[in-house]
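Colleague: Next one to model:
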Amino acid sequence: MMKLGNSLSTFNPDSTISKINQNLPVSVDPLFKKCFKKGMKVSRITNGAFDMTIAPLVNAWGFGFKNKETITQPLIERLLEKVGFQKVKLRWNHLIKQDPSVMLDASAIAKGLAVDLVAKLLSSKGCRNYMVEIGGEIAARGVNRQNKIWRVGISKPIDEQMPSNSDFQDIVTLSGKALATSGNYRNFYIEGDKKYSHTIDPKSGYPVQHSLLSATVLANDCMTADAYATAFLVLGAEKSMKIIEKTRGLEGYFIFSDNEGDYKVTYSEGFEKYIS
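Modeller: All right, here's what the predicted structure looks like:
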């Protein structure tokens with residue numbers, strides 16, 4: 001995990017990503033390269049709904065939207081000039097920027113990569129049965145102590161921080177797969193009569209505001225699931241379903257609110273077999 005922090009943590013001023021953001025000379029490490037390549041692939045497939053260059057917008061809004069009072073349309077327009085996955089590329093072991101003001105943020109994909117690294121370590125040590133969970137991102141293999149396949153709950157979209165068993169929308173069986181959920185219902189702010197999610201749309205520069213409350217993604221690895229869960233929360237269920245239909249190894253489960261404010265669920269055809 002120290003290697004991951006030294007690569008992708010923006011809180012570590014000496015990490016690879018921090019040096020890139022400061023325009024300091026740095027040769028990218030294998031973890032950064034792995035994460036960046038996956039991120040760029042998801043960006044292309046989702047037409048920029050996932051975008052690691054979103055850092056200027058994230059920084060402007062502030063953690064928990066603490067800076068939202070300073071946000072103006074002219075500011076957003078200026079920041080959007082610095083955002084766009086097409087503005088960066090890898091050339092050998094160096095990241096090339098179109099504009100030095102472009103900055104990266106890996107927070108929407110790094111937890112998934114961390115889960116994959118722990119799972120790989122356990123497998124390399126001969127562990128055949130495990131479940132790894134970091135911040136809600138999960139990878140599982142084999143069975144639990146009761147010799148039963150792992151079961152993971154998808155939380156109902158309520159504002160409580162610690163859901164109980166009765167607060168699960170569905171239970172998913174998980175083995176040999178990874179799962180990630182991104183939700184709009186616990187981290188948000190209300191202004192007037194509108195609720196704004198913690199997820200920022202890289203295209204508009206503003207927090208997402210639509211009926212989708214949570215997106216759960218199943219994939220073969222957690223880094224992939226993590227990135228797509230974020231992208232799908234930006235896109236909404238309908239557009240996300242179209243991507244799932246064309247992308248091998250990807251399944252999705254979506255909770256949204258209808259016009260009456262009631263919770264509704266939709267999921268991809270392949271997801272159904274994982275619901276217990």
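
Colleague: Let me see the domain layout of the chain.
Modeller: 2-97, 152-274 (automatic domain parsing).

Colleague: possible to save those as TSV with mean pLDDT and distance to residue 121?
Modeller: Just so you know, the C-beta spots here come from the backbone N, C-alpha and C atoms, and that holds for glycine as well. TSV is the format used below for these (pLDDT from 0 to 100; distance: least, C-beta to C-beta, whole Å):
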stretch	mean pLDDT	distance to residue 121
domain 2-97	93	12
domain 152-274	85	13
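
Colleague: Out of the ones you listed, which is closest to residue 122?
Modeller: The closest of those to residue 122 is domain 152-274. By C-beta to C-beta, the value is 13.1 Å.

Colleague: Kindly check the end-to-end length of the closest one for me.
Modeller: 10 Å (C-alpha to C-alpha, to the nearest Å).

Colleague: How about stretch 120-129?
Modeller: With C-alpha to C-alpha applied, stretch 120-129 spans 12 Å between its terminal residues.

Colleague: of all the domains of the chain, which lies closest to residue 133?
Modeller: domain 152-274 (8.5 Å).

Colleague: Show me how far the closest one is from its chain's centre.
Modeller: Relative to the centre of its chain, domain 152-274 is centred 10 Å away, using C-alpha atoms, centre = their mean, to the nearest Å.

Colleague: Show the residue spans covered by the helices in the stretch 151-276 of the chain.
Modeller: Using DSSP state H, counting those that start in this stretch, the helices of the stretch 151-276 of the chain run over 222-235, 237-246.

Colleague: list the contacts for the nearest residue to residue 179 once chain neighbours are set aside?
Modeller: Nearest non-adjacent residue to residue 179, counting by C-beta to C-beta, 6 or more residues apart in numbering: residue 138, 4.8 Å away. For residue 138, the contact set (C-beta atoms under 8 Å, 6 or more residues apart in numbering) comprises 115, 131-132, 152, 174, 178-180, 222.

Colleague: most packed of the helices of the stretch 151-276 of the chain?
Modeller: With neighbours taken as mean count of other C-beta atoms under 10 Å, those reach their highest mean count in helix 222-235, at a mean of 28.

Colleague: sorry, back to before: ranking the contacts of residue 138 by neighbours, who comes first?
Modeller: residue 222 (30 neighbours; other C-beta atoms under 10 Å).

Colleague: is it true that it touches residue 119?
Modeller: Yes. Using C-beta atoms under 8 Å, residue 222 is in contact with residue 119, at 7.5 Å.

Colleague: Mutual contacts of those two, please.
Modeller: Joint contacts of residue 222 and residue 119 (C-beta under 8 Å, 6+ apart) are 132, 139, 178.

Colleague: and the first one, what are its bridge partners?
Modeller: Assessed by DSSP bridges, residue 132 has beta-bridge partners residue 139.

Colleague: and what of the last one?
Modeller: Note on residue 178: beta-bridge partners by DSSP bridges are residue 139, residue 219.

Colleague: so who does it touch?
Modeller: 112, 115-116, 119, 137-140, 218-222, 224-225.

Colleague: One more: the first one?
Modeller: For residue 132, the contact set (C-beta under 8 Å, 6+ apart) comprises 115, 118-119, 122, 138-140, 222.

Colleague: quick one: which of these is nearest to residue 88?
Modeller: Nearest to residue 88 among those, with distances taken as C-beta to C-beta, is residue 222, at 23.4 Å.

Colleague: which stretches of the stretch 1-150 of the chain form strands?
Modeller: 88-91, 94-97, 130-134, 137-141, 150-155 (DSSP state E, counting those that start in this stretch).

Colleague: returning to that earlier point: need the max-distance pair from the contacts of residue 138.
Modeller: 131 and 180 (13.8 Å).

Colleague: just so I know, which of the domains of the chain lies nearest residue 127?
Modeller: Across those, residue 127 has its closest neighbour in domain 152-274 (13.4 Å, C-beta to C-beta).

Colleague: Mind putting the shared contacts of residue 222 and residue 119 into JSON lines with distance to residue 45?
Modeller: Below are the shared contacts of residue 222 and residue 119 laid out as JSON lines (distance: C-beta to C-beta, whole Å):
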{"residue": "132", "distance to residue 45": "25"}
{"residue": "139", "distance to residue 45": "21"}
{"residue": "178", "distance to residue 45": "17"}
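
Colleague: Thanks again, I'm all set now.
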